[in-house]
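**Q** sequence-free structure coming up:
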């Protein structure tokens, strides 16, 4: 019986196999193949080795890729300006004047978005947050690759909602100098300088870069919910210094990164502080990896990473103990062994094991963690695997990650993705489980804390309108369970717990066109919590479907238009719908909803390419042309007033690049 | 165990294995790329000094594309063409009209300088990064189809002229 069933299925499959071969050039009559013209060859579909990088249309993820050309021509001086134009991305404020990321309407600041820079994990390890604003220079970025969905199966416990992978700009053998100055009406917005140098030494290659920046977050007045105000001019300074080194020798890569981000703020949680205090984030990263090609099919990559951080650090005095000093160092030692194996030209396996040892240590005298000790330590072990199969019906991706940690419960996150490119269309069906690892401070404040779990379902379809124009639409559904929630405990001390569910669903549309005359990326994003359970900490009372701090609708555009051979302009905008926050009425003591009007933030840069000398670029323009109010709302109910951002800014950027081998 | 059952299971396994391995169809990317390279000849003008009786295609670095080029050239020579495939090692002088630099090859700077100084060579790269601007044509794979981009500046410094017909088929043309 079994034999008969298999024979029948084989007979059914065989014509399909023959058809599959016929669709490719191998099954064609060999002489006719060798007579094909270029136009005919352009129609031929080829089977590309599955281990090769996939194009965005066939990748099993909802992707945004921002190229070096787009980054440079946009005139953006820092990463946050670029991310604001990404569908589904938004920003809110946390505490101590720190700005964090929101994804698809969900607050994603702590441990829900993984940010990588040349393989270095930029999230700080005490709360797993990423401090944004005046931080990462675009002058040093070659490409930004964003997965607008979970990536835990491959990337682990910080990649719950999204992954931002930044690739540094250090390929050119030569030196480059970039400087930028931005002026608001009353004070400078930012001034920075970046320097890169690279050169080969036989089989080896070394590049180094340095970035120094000063900026002022705002010149507006901040008023807390008690009615106390202060002028943010000269009281919201941010200083950043970044130094990076990358050395390659054959298949060995050694990389180092020092990142110092120091911001000044008067943010006393619910009230204004009497003076500015610095909050410093210092991170030092080291990475070494060797790509060992065992044979044509198998490659093994052992990686060692070490990270030393002092995040949220303030070790000075404070007036009447209004701002508590905090100095906790955290070390992270990570070892990975990753294997890539080409099972066939159509099937590829990626698998690996990863071990992480984290240790946090109190650096101030007589300060202790909740366990009574001056150190907290965690050990993490995980294994992951992903199989990718290219087939004529669809490309299949199946993967999973198992995570063990000695301080909290295990996590197992599978994912499955089907992608198909057919003629002008593409289709993606994706199901992913993801998790957020509790961070050191989560563990410190809550013994029984466990990983929060997220399930994301996504469907994307796209149509190639012409050779250079694409229209893409996706719908998504995000559900987070056992959400790790921040709250004040009975002693009014910061604490975390797992509580309830939250999530969003929505739609994202993208239109991309690129011609010799320029390009345009136009996006629309919609998200709602309708139909999802919502934790009270995030919901807006009386506004169904809305979450605190983030708009339901957002439209963004990045574009460039070539005027002459050497002059082009880059118009861009970011329109956000109405947003809400919650505050406690001083008179009644009741919670009230406050709304922020829809806002249009438009920018225009004029770029003069290769002027004065080869490699010389001058950019001038205006950011936030309409001087719309920029506000960073705290996206959870904590009685914190929204933090103002930058006003209209006139910007000048000058870059010079000298290549040794030009 | 019953021998008949064992035999049935063995047949099942063989059939299943054959079916599954057939599903992973063979790659033809290299063959199509080789045909692209061959077709480029029609759209490029070489200087008079390079109009030899034998057309030489140089290959720098081993790759499936260079193997496929051998097949294409063998077929074309059967049809009466006179094309030669030349392996270009780093130490040798470069004597060819077209030079294909494979994806795995990483030519040293001295070699690149030597290539640039040799007049009348159309340099073709395979999926090279955009920062490398020395190739006149760069082959790409986009959504399972072979495409190419053109760098007119590199063609000009190589002393060759690319027709506008070919430029019209490229995904991008850099001046």
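**A** That came through, no problem. Computed from a prediction, not measured in an experiment: that's the story for all the values here.
**Q** list the buried residues of the helix or strand harbouring residue A:283.
**A** For residue A:283, the element it lies in under DSSP states H and E is strand A:271-290. Along strand A:271-290, these residues count as buried under the neighbour rule (16 or more other Cβ atoms under 10 Å in any protein chain shown): A:271-273, A:276-287, A:289. C-beta here means a position set from N, CA and C on the backbone, and glycine is covered the same way.
**Q** pairing partners for that strand, with directions?
**A** Paired strands of strand A:271-290, with direction, are strand A:252-268 (antiparallel), strand A:298-313 (antiparallel) (DSSP bridges).
**Q** from the contact counts, what lies against the next helix or strand after that strand?
**A** Heading C-terminal from strand A:271-290, the first helix or strand you meet, by DSSP H and E, is strand A:292-293. Using 3 or more Cβ pairs under 8 Å, 6 or more residues apart in numbering or on different chains; DSSP states H and E, the elements in contact with strand A:292-293 are strand A:298-313.
**Q** what is the mean pLDDT for the strand it packs on?
**A** Strand A:298-313 shows a mean pLDDT of 97.
**Q** just the buried positions in that strand, please.
**A** Of the residues in strand A:298-313, A:299, A:301, A:303, A:305, A:307-313 count as buried by neighbour count, 16+ other Cβ under 10 Å.
**Q** which of these lies closest to chain B?
**A** Comparing the buried residues of strand A:298-313 against chain B with Cβ to the nearest Cβ places residue A:299 closest, at 13.0 Å.
**Q** can you pull the pLDDT of the nearest residue to residue B:158 once chain neighbours are set aside?
**A** The shortest distance from residue B:158 to any non-neighbouring residue, by Cβ to Cβ, 6 or more residues apart in numbering or on different chains, is to residue B:121 (5.2 Å). As summarised for this prediction, residue B:121 has a pLDDT of 88.
**Q** all the helices of chain A, residue numbers only.
**A** In chain A, helices defined by DSSP state H lie at A:2-23, A:30-34, A:38-41, A:68-74, A:79-83, A:152-155, A:440-445, listed in chain order.
**Q** and the end-to-end length of stretch A:416-436?
**A** Length of stretch A:416-436, first residue to last, Cα to Cα, to the nearest Å: 19 Å.
**Q** now do stretch A:359-375: everything it contacts.
**A** For stretch A:359-375, contacts defined as Cβ atoms under 8 Å, 6 or more residues apart in numbering or on different chains pick out A:125-126, A:310, A:315, A:325-331, A:376-378, A:440, A:444-445, A:447.
**Q** show me the shaky parts of the chain.
**A** Going with chain A. Chain A contains residues with pLDDT under 70 at A:1-33, A:45-53, A:170-173, A:489-493, A:661-662.
**Q** look at chain B instead
**A** Counting by pLDDT under 70, chain B contains low-confidence residues at B:1-3, B:5-27, B:50-51, B:90-93, B:106-111, B:116-117, B:129-133.
**Q** where along it do the strands fall?
**A** For chain B, strands defined by DSSP state E occupy the ranges B:44-45, B:55-60, B:83-87, B:98-101, B:122-126, B:137-142, B:145-151, B:161-162, B:172-174.
**Q** sheet-wise, list the partners of the fifth one with their directions.
**A** Strand B:122-126 has the following sheet partners, assigned by DSSP bridges: strand B:98-101 (parallel), strand B:137-142 (parallel).
**Q** out of the ones you listed, nearest to residue A:483?
**A** strand B:137-142 (40.3 Å; Cβ to Cβ).
**Q** on that earlier part again, tell me the one of the buried residues of strand A:271-290 nearest residue A:408?
**A** Nearest to residue A:408 among those: residue A:283, at 23.8 Å, using Cβ to Cβ.
**Q** could you give the bridge partners of the closest one?
**A** When bridges are called by DSSP bridges, residue A:283 pairs up with residue A:259, residue A:309.
**Q** also residue A:601?
**A** Note on residue A:601: beta-bridge partners by DSSP bridges are residue A:574.
**Q** which residues does it contact?
**A** Here residue A:601 is in contact with A:84, A:573-576, A:624, A:626, A:628, A:630 (criterion: Cβ under 8 Å, 6+ apart).
**Q** apply 6 Å and report the result again.
**A** With contact set as Cβ atoms under 6 Å, 6 or more residues apart in numbering or on different chains, residue A:601 has these partners: A:574, A:624, A:628.
**Q** also residue A:303?
**A** By Cβ under 6 Å, 6+ apart, the contact list for residue A:303 reads A:289, A:336.
**Q** hey, what's it bridged with?
**A** residue A:289, residue A:336.
**Q** residue B:124 now?
**A** Per DSSP bridges, the residues bridged to residue B:124 are residue B:100, residue B:137.
**Q** correct me if wrong: it contacts residue B:100.
**A** Yes: using Cβ atoms under 6 Å, residue B:124 is in contact with residue B:100, at 4.9 Å.
**Q** so what sits against both of these two?
**A** Taking Cβ under 6 Å, 6+ apart as the criterion, residue B:124 and residue B:100 both touch residue B:37.
**Q** from chain B, how far out is the residue most central in space within chain A?
**A** The centroid of chain A falls nearest to residue A:164 when counting by Cα atoms, centre = their mean (2.7 Å). Per Cβ to the nearest Cβ, to the nearest Å, residue A:164 is found 21 Å from chain B.
**Q** my guess is that residue meets residue A:146, correct?
**A** Yes: counting by Cβ under 6 Å, residue A:164 does reach residue A:146; the two are 5.3 Å apart.
**Q** check the gap between residue A:271 and residue A:133 for me.
**A** Here residue A:271 is placed at a distance of 22 Å from residue A:133 (Cβ to Cβ, to the nearest Å).
**Q** list the contacts for residue B:35?
**A** residue A:41.
**Q** rerun that using 8 Å as the cut-off
**A** Counting by Cβ under 8 Å, 6+ apart, residue B:35 touches A:33-34, A:36, A:41, B:72.
**Q** what does residue A:655 give?
**A** Residues in contact with residue A:655 (Cβ under 8 Å, 6+ apart) are A:72, A:139, A:176-179, A:616-617, A:619.
**Q** what's the neighbour count on the closest residue to the residue nearest to the centre of chain A other than its chain neighbours?
**A** Nearest non-adjacent residue to residue A:164, counting by Cβ to Cβ, 6+ apart: residue A:115, 4.6 Å away. Residue neighbour count, defined by other Cβ atoms under 10 Å in any protein chain shown, stands at 22 for residue A:115.
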